[in-house]
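Trainee: A structural model of the following input is requested.
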Amino acid sequence: MTYVGIYAMNGGNIYDLLQQRDYKNRLCGTDVDENGVVLPEFLAIVDLGLNRKCVASCPNATDTETLICKDKATIANLKGCSQGSDASNKDLLVVCSACFYSLDSHEILKYCTPKNGGVVRDVIKHAFDAFKTNVPDLSYLDTISQAYVYTENFVKDLYTARTAVFGIGVGGAFLSGFLFLFFIRIPGIMGIFIWTSAISIPTIFAALGYAFFTLQLNDVVFQEDDLFDENIDEIGKYSKPISYVFFGFAGFALLLLIFLRKRIGLAIGITKAAAHSVAAVPLSVLYPIFQILGFCTFMVPWTFYLLNLASMGERVENKKEFFILSDSYEITYPTYEYAQITQYGFWYLLFCLFWSSQFIIAIGEIVLAMCYSKWYFTVDKGGRIDTSIFSATRITLCYHAGTAAFGSLIIAIIQTIRAFVSYVQKKIQQAGPENQVANAVACCFQCCLACLERCMKFINKHAYIQTAIFGHNFCKGAKEAFFLILRNAARMAVVGLVSEMTMIVCKLMIVLLCSLSAFFTINNFYPDVTSVELLCIFVAFLSWFIADMFTDVLAMAVSTILQCFIADEEMFSGTGSHYVPKELDDFLKKVDADNATQRAAVAVPVSDPEESPLIAN
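Mentor: Residues are numbered from 1 along each chain as shown. A predicted model of the protein is given here:
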């Protein structure tokens, strides 16, 4: 990436993107006009293409009688502006893209930005009405106008109620997350919730089947309507077969629940143990914040290289033609073209972005897995755990960075191929409707790549857990994880389903609590706020982000505890284990009783239970 950055800095100039250029690609405040006078420093809209002209100051009023125009030589060469020197026909000058009306504007970074986007639409409509012709589709200007108004009001409200918004959206979300961890560890609560949710599935199918079975379409109120008479009997034929299908689903779901009842019990215990492990290492909840900081650190040079590379483009003027009656007019707008080697540079920077972001995620997964596996293989779980986020990070970076780099490389390659396929799809769609077959093939290829990416992320995650527990390299960790998943496919599926249900409930609970708290707080203590609902939506967004971060950590804990439990079960089968947490102890005892074994999970001592042979150092 550094090589591409050096190439970009040598051939480009980031200031070219930041400097203000007019419709003739001249720098405002630096270059001179045709009379040798230095151009003013502000930029105002000068034509329908929203190109700009250097002006001395931004207009402070909207006036259709005052025009901001291009120079006479440019106007004379514009199509439809042959009489452009006649300034009395102002509407014609606007329509032929020679001038634009003066608009009341804000000055933002030297750009004169209209205060109301709706005014832009109104004045353009005014110009086309003069020719008694239809206005081009300008609905996007209404959208921009509304967005501008909402944004302005939102920023003011956010500043007014900033304490409540960020206090509840961030602090309240963290507090709600820890309360949820405590809540699901209460005996019986998790079991009641999971079993109620599980039993509701066949119940819903059975209810739908009963509804279709008893449905008599001939008795509906619209039976005499000619529109329905021809199809009523035909529709009625399918109601009972549909009901049988739903009854079949209900029966299958019920049998599946009976078959998986022990595994559901394991999944409940795993989830409760995972919640315990997260609570025992509370700093792990904040680890995604450290990952975000690391990603932002990477983005600083990456963005600098990207901007320099983007500045290497060559400006090209494009024209779009439209007609008013029999007269032809053009709108000119600029685009940029890049050399082939520069385009390769863009693709390489995109690959670096994918690889680095996946590497940061991989490091985080190994670190969290190491913390939670340490917790599992600690006998006295009520005491101090001999690891921390910082020591786990040090071990990961020193000994397992190659594992994270190799695993993230695979995902980055797949993501880059997907990005290239998306680029090809866009080109195919631009080529016209006659390329539907090629577009369909590209869509199928994109779908296959998306499935491959999901599978590889799943395998990578479990490979990193193997690395954290046993110290394997990536290939061996991926192999062990793959066969572990095959040996315990039913367990993995049920635990995944139960944990996913738990994560959804956790997110909804956190968002709901924070949003309601924000609504009542802002309503009662901030009367100057104009849109309470908009701030509540922002609080919901903040709390959802925190909740998602929280549940990602909890999901990693669930996967780690499950692998630790399986390793514990296989390593100490028939001898008992000192490491199994209390949340899973009852489950093991029930399994032992059902299988008529004599395993005593905590009765058989090991030589040195304080030192686990499973944890990678």
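
Trainee: list the contacts of stretch 253-260.
Mentor: With contacts defined as Cβ atoms under 8 Å, 6 or more residues apart in numbering, stretch 253-260 is touched by 198-199, 201-202, 205, 264, 490, 494. Glycine gets a C-beta too; all of them are placed from N, C-alpha and C.

Trainee: try 7 Å
Mentor: The contact list for stretch 253-260 (Cβ atoms under 7 Å, 6 or more residues apart in numbering) reads 198, 201-202, 205, 490, 494.

Trainee: likewise for stretch 436-454?
Mentor: Counting by Cβ under 7 Å, 6+ apart, 411, 414-415, 417-418, 421-422, 424-425, 428-429 sit against stretch 436-454.

Trainee: and the helices in the stretch 401-550 of the chain, which stretches?
Mentor: 401-431, 436-470, 474-487, 489-525, 532-571 (DSSP state H, counting those that start in this stretch).

Trainee: now do the second one, average pLDDT.
Mentor: To tie it back to what came earlier, the one meant is helix 436-470. For helix 436-470, mean pLDDT rounds to 90.

Trainee: kindly calculate the angle that it makes with helix 401-431.
Mentor: 170 degrees (axes from the mean of the first three to the mean of the last three Cα atoms, to 10 degrees).

Trainee: and helix 436-470, how far from the chain's centre?
Mentor: For helix 436-470, the separation from the chain centroid amounts to 17 Å (computed by Cα atoms, centre = their mean, to the nearest Å).

Trainee: just the first one next, same as before
Mentor: Averaging C-alpha coordinates over helix 401-431 and over its chain gives two centres that are 17 Å apart (Cα atoms, centre = their mean).

Trainee: ditto for the shortest one
Mentor: For helix 474-487, the distance from its own C-alpha centre to the chain's C-alpha centre is 29 Å (Cα atoms, centre = their mean).

Trainee: ranking the helices of the stretch 401-550 of the chain by burial, who's on top?
Mentor: helix 532-571 (a mean of 21; mean count of other Cβ atoms under 10 Å).

Trainee: what helices or strands is it leaning on?
Mentor: helix 139-160, helix 162-166, helix 173-184, helix 261-280, helix 287-310, helix 340-376, helix 436-470, helix 489-525 (3 or more Cβ pairs under 7 Å, 6 or more residues apart in numbering; DSSP states H and E).

Trainee: weakest of those in terms of mean pLDDT?
Mentor: It's helix 139-160: among the helices and strands packed on helix 532-571, that one has the lowest mean pLDDT, namely a mean of 70.

Trainee: returning to that earlier point: and the helices of the stretch 401-550 of the chain: which comes nearest Tyr101?
Mentor: For the helices of the stretch 401-550 of the chain, proximity to Tyr101 was assessed by Cβ to Cβ; helix 532-571 is nearest, at 31.8 Å.

Trainee: report the rounded mean pLDDT for the closest one.
Mentor: For helix 532-571, the per-residue pLDDT averages 85.

Trainee: low pLDDT regions in the stretch 101-250 of the chain?
Mentor: 116-118, 129-149, 185, 215-238 (pLDDT under 70).

Trainee: just give me the neighbour total for Thr163.
Mentor: 11 (other Cβ atoms under 10 Å).

Trainee: same deal with Tyr244?
Mentor: 12.

Trainee: offset the numbering so it begins at 10, please.
Mentor: Let's use 10 as the start, then, which means that last one is Tyr253.

Trainee: and it, what helix or strand is that in?
Mentor: For Tyr253, the host element (DSSP states H and E) is helix 235-268.

Trainee: still on that earlier bit, and which of the contacts of stretch 262-269 is nearest to Asp389?
Mentor: Closest to Asp389, out of all of the contacts of stretch 262-269 and judged by Cβ to Cβ, is Val503, at 29.9 Å.

Trainee: pull the contacting residues for that closest one.
Mentor: Here Val503 is in contact with 269, 272-273, 276 (Cβ under 7 Å, 6+ apart).

Trainee: would you mind measuring from it to Lys485?
Mentor: 27 Å (Cβ to Cβ, to the nearest Å).

Trainee: can you check Ser111 too?
Mentor: Counting by Cβ to Cβ, the gap from Ser111 to Lys485 is 71 Å.
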